[in-house]
Every structure is written in structure tokens, then in C-alpha cells.
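Undergrad: Attaching a predicted model along with its sequence, questions to come.
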Amino acid sequence: MRTLIKHLLAAKEPRAGVLVQGWVRTRRDAKGFSFVEVNDGSCLAHVQVVVDATIPGAEHLAEVTTGASVSVVGDLVPSPAAGQQWELRATRLELVGPADATYPLQKKGHSLEFLRTIAHLRPRSNLFGAVFRTRSRLAHAVHRFFQERDFVYVHTPIITTSDCEGAGEMFRVTTLRGDIDRAPERDFFGRRAYLTVSGQLEAEALACALSNVYTFGPTFRAENSNTARHAAEFWMIEPEMAFCDLAADMDLAETFIKAMARAMWEDCAEDLGLFEKFVDREVRRRLEFVVERPFQRVPYAEAVEILQRAGRSFEFPVEPGAHLQSEHERYLTEEHFRAPVTVFNYPRAIKPFYMRLNEDGRTVAAMDLLVPGIGEVIGGSQREERLDQLLDNLRFHHLEPADYAWYVDLRRYGTVPHAGFGLGFERLLMFLTGVGNIRDVIPFARTPGHAEF
Ligand code: 4AD
Ligand code: MG
């Protein structure tokens, strides 16, 4: 049976007759034998395989080149070479799949831009292996976090007929041909349908029965913003809690971010070393900082005052009532507070219809959690649980109550104060790894003009 290199290299004592399978990173030839570095993606490290020219299969050594796949049986023995504890003395070598000289991932460093053009092969590089292992471990940590707190994992639909964020940035799903707006009632679902931008509305229905729930799934946005932080398809984690207000929602968001930073530290140690060395020298310091320092909270109105007093010429001037731009968010967290900061109580007009109207009648119980280097990683709110007020909110945002009938019903039958948030999983990964572009934390990124793979 195959032994993963991760387990092999953690061995406490020599072992005879182990089977290792993976891809060749490099081969060096000496007199009578060769050194082949093999990696199987189970960890960052490669195993050094020593191949004597006389063993069965050694006759194919010339084809054991970078990128080829091999199957090796051998004995794990202490390595005389510096920097590695073990090496594998091969007793049998099998060339499984050769890779010729056109294999594009050679040993020299490649630019991230180039690697995006070979998204099918880049997982075999050290950096992307580390990113995708980290993605897996953190996904596990997300589930652990919520499961330990008795949140119920719910699956909300990917195809939806309501625009949760009311921002109209949805991809249309249709089986119609030609003019798809002429007779939407003849479409597959009998009405216009889209890819979901958020599972929140359905999560609210589930929270109003199961108390605490969370989603973790793909969401889609047809925003034409070609930034390093926006993807057309990304994964969102959306907890939703019944009998909950904005303050408790902000508490959960902070606890969650701290737990994820700790998980990065504890569960991804080897890969974190690579990020620190090759991606972002500050990454480890940032994790410590996030785990240890208290997060800050500031109402939107005060955040605007801070920005106006900043004595900065921002590209977008700061205006009360307007959206905070990424440069504003970054100023608040990186320069003013020097800590993650949650901005709350935003103006009603710039936030979606479902947010709860505050006593002042002008702001809503919204919150955005901002982190250094990224800006917004979490957006959430307390939801409008009062029937009349929700209907008023819909009218205020020029939405048709009939389009949200089932959602409004939740306020008609046993309504409760409830709150939740959405965390962009890729933005969290960027923050925790230091990787600067969202395209590099998703195996096959979808951005405007890009869906080749
Ligand atoms: O702030 P947003 O739009 O909030 C919602 O969708 C709410 N329904 C969430 C809720 O309360 N249940 O999005 C939530 C988060 C953002 O903070 C950001 O991290 C991420 O989703 N996000 C994106 N990530 C990558 N690419 C995009 N285009 C993103 N748009 C939002
Ligand atoms: Mg938001």
C-alpha cells in the first residue's frame, strides 16, 4: 500500500519496503546512481529517492524528468545529506507517466501571472500546493468552529429566484433561447432564475426553526470589478442566529476570525513557513496580532469623521452617507486603529432591505469587519424582524413585496430578532496566507473574461 510522503517523513525509525508514488521535482545524476526528488502533495517537503543504476526500472531513468510520475519501492534510511532526516533507497522504480521537455513547471521560479495560465499544473508547485492544503484545513476549521458551538450546517440553493443583496449583480440561469426576457414564464422554473449571491434569506428561514445555522458554499456575483479581491465565483460562510442582536453578531464574527488565525497557526505550520518565506514576511506577526489584540468597533458616523480628519487625499473623497471604499477601510484598520475593526450602524440607503432599522430612523444595524491588507472580510447585520418595518424597507428600496412573499412570511409567523453575517472564504485565505490576489487562493478562479479551466 502507498505511504504518503507526509507520513513517511514523520517516521521515527527506518522502514523497509515502502511504496511511494508522486511527481518528480528534480533529478540529479552521479556515478552509478541518481537522486530523484519526489513530491506527492501530501506535504510541502519532497522525499529524496536514491536510485542505484542497477535496480529494476533504472533503465528508464533518462525519462524520470521534472513533472514525470513515478512509483517507487524502497527502504527508508537515515540520510547522510544535510537538511533532511530520511531518504528512500529505491529497490524498484517504475516510470508511470513521462513528461517531456515542454513541461511548463520547471525548477526556476515562475511569476504568479504565468502560473495562472497553467492553472491545471500549478497545484504541483510548492506555493499552490501549500495554498490548496491550507484551503482544505481551514475549511475543516470552519466546520469545527460552528459544529463545536452546535450550529447546524444547512445547504441553501445555488439556483435562486430572489436577489438577496438587491444589487442586481446576478448571473441569469435559463434554458430559453433568443430573447430570454420575452416570456420568462416559459423558462425552466416558470420565472426568472439566477445563481445565488448569498444563501442568507434561506438561512434565515432555517435559523427561524433550528436556532443557529450556518452555510458554507459557493456564491456568484456578476460584478465587473477586476480587483485583486473580487471573484465572480467565491465561497461564503454564512452563520445565522435566532434570538440574536447586532452586538452578539459582532462578538461571533470576532471570535471566528481569531479562531481561524489560531487554526492557521496550529494546523498549517509547515505551509505557513513557506508563506512567511516567499509570500509575506509579516504573515506570522499578523496572526499573533489578530489572536492577541482586542478588535476595535466604531460606528459608521465616527469612522467618517476619522477619515475626514485623516488629512489624506483619498482617491474617492469621504462623504457622509456614502460607501466606504477599500482605501478608506484600509486606512481605518492599517493606520488609524492598527487592528481589525468592525464598523457598524451604516446609513440605511447604502445597505440592503433586510437590515434592521435603528431607532434613529436613518441607520441600520449593519456591520462590516475590516482587516489590514484586505479591508472587508465580513459583512453582516441584525435582520428586520418587524413585519410592517420590513414591508416599509422593501418599498424604501423600490422592491416588490410580492417577490419576497415567503421571506416576509417569516415575520408573520413567530418572528424573532435574528442576526448573521457572511465571510468571504477567499478573502480570509488571503488575509491568513498573505497571498495578494484572490485568483491565487482558488484552484480555478472565475473573474471577468476568465473561465478557461
Ligand atoms: O457583504 P456581503 O455582500 O454580504 C452578504 O452577502 C450578506 N448576505 C451576508 C450575510 O449577512 N449573511 O458579502 C459577504 C462577504 C464580504 O464581506 C466579502 O468577504 C465576500 O463576502 N465577498 C466577496 N468575496 C470575493 N469576491 C466577491 N466578489 C465578493 N463579494 C463579497
Ligand atoms: Mg459587504
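TA: Right, received. Where do you want to start? Ligands and ions are numbered 1, 2, ... in the order given.
Undergrad: who in the stretch 301-450 of the chain is up against ligand 1?
TA: Residues of the stretch 301-450 of the chain that fall close to ligand 1, judged by CB under 6 Å from any ligand atom: 376-381, 420-424, 426-427, 438. Every C-beta, even on glycine, is put in place using the N, C-alpha and C of the backbone.
Undergrad: rerun at 8 Å
TA: 352, 354, 368-369, 376-381, 420-424, 426-428, 438 (CB under 8 Å from any ligand atom).
Undergrad: any idea which helix or strand carries Glu329?
TA: Element membership for Glu329 (DSSP states H and E) is helix 326-330.
Undergrad: Now the element after that helix, going C-ward?
TA: Remark: after helix 326-330, the chain's next helix or strand is strand 341-347, criterion DSSP H and E.
Undergrad: okay, that following strand in CSV with CA atoms only?
TA: Extracted in CSV, the C-alpha atoms of strand 341-347 (Å, rounded to 0.1, in the frame of the first residue of the first chain):
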residue,chain,number,x,y,z
VAL,A,341,-12.0,46.9,13.2
THR,A,342,-15.8,46.5,12.9
VAL,A,343,-17.7,49.4,11.5
PHE,A,344,-21.4,49.3,12.4
ASN,A,345,-24.7,51.3,12.0
TYR,A,346,-24.4,52.3,8.4
PRO,A,347,-26.8,54.6,6.6
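Undergrad: Please enumerate residues in contact with it?
TA: Strand 341-347 has contacts (CB atoms under 8 Å, 6 or more residues apart in numbering) with 246, 250, 253-254, 295-301, 303, 320-321, 324, 329, 332-333, 358, 362-370.
Undergrad: Can I get the buried ones among these as something I can paste into ChimeraX?
TA: Listed next is the ChimeraX selection for buried residues among the contacts of strand 341-347, using 16 or more other CB atoms under 10 Å:
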select :246,250,253,254,295,296,297,298,300,301,303,324,329,332,333,358,363,364,365,366,367,368,369,370
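Undergrad: any idea how far ligand 1 is from Pro123?
TA: Distance, Pro123 to ligand 1, by CB to the nearest ligand atom, to the nearest Å: 21 Å.
Undergrad: So what does that residue have for phi and psi?
TA: Dihedral pair for Pro123: phi -60, psi -20, per degrees, to the nearest 10.
Undergrad: Neighbours of it, how many?
TA: By the criterion of other CB atoms under 10 Å, Pro123 has 17 neighbours.
Undergrad: picking up where we left off before, what does the helix holding Glu329 rub up against?
TA: Here helix 326-330 makes contact (CB under 8 Å, 6+ apart) with 227, 229, 303, 307, 314-316, 318, 343, 368, 370, 372-373, 375-376.
Undergrad: can you do 7 Å?
TA: Residues outside helix 326-330 that contact it (CB atoms under 7 Å, 6 or more residues apart in numbering): Leu307, Phe314, Glu315, Phe316, Val318, Leu370, Gly375, Glu376.
Undergrad: can you redo the residues you listed as CSV with secondary structure?
TA: Listed next are these as CSV, based on DSSP: H, G, I helix; E, B strand; the rest coil:
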residue, secondary structure
Leu307, helix
Phe314, coil
Glu315, coil
Phe316, coil
Val318, coil
Leu370, strand
Gly375, strand
Glu376, strand
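Undergrad: so which of those residues is the most crowded?
TA: Among these, the one with the most neighbours (other CB under 10 Å) is Leu370, at 28 neighbours.
Undergrad: Hmm, that one is touching Leu332, no?
TA: Yes: Leu370 is within contact range of Leu332, at 6.1 Å (criterion: CB atoms under 7 Å).
Undergrad: Could you list which of the contacts of strand 341-347 belong to strands?
TA: Among those, the subset assigned to strands under DSSP state E consists of Gln296, Arg297, Val298, Pro299, Thr363, Val364, Ala365, Ala366, Met367, Asp368, Leu369, Leu370.
Undergrad: pLDDT added to these, as TSV?
TA: Below are the ones in strands among the contacts of strand 341-347 laid out as TSV (pLDDT from 0 to 100):
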residue	pLDDT
Gln296	97
Arg297	98
Val298	98
Pro299	98
Thr363	98
Val364	98
Ala365	98
Ala366	98
Met367	98
Asp368	98
Leu369	98
Leu370	97
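Undergrad: Adding distance to His7 as columns, could you present those residues in a markdown table?
TA: As requested, the ones in strands among the contacts of strand 341-347 are exported to a markdown table (distance: CB to CB, whole Å):
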| residue | distance to His7 |
| --- | --- |
| Gln296 | 43 |
| Arg297 | 45 |
| Val298 | 48 |
| Pro299 | 52 |
| Thr363 | 55 |
| Val364 | 52 |
| Ala365 | 49 |
| Ala366 | 47 |
| Met367 | 43 |
| Asp368 | 43 |
| Leu369 | 38 |
| Leu370 | 40 |
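Undergrad: ok, which pair from the residues you listed is furthest apart?
TA: Spanning the widest gap among those are Gln296 and Val364, at 20.4 Å by CB to CB.
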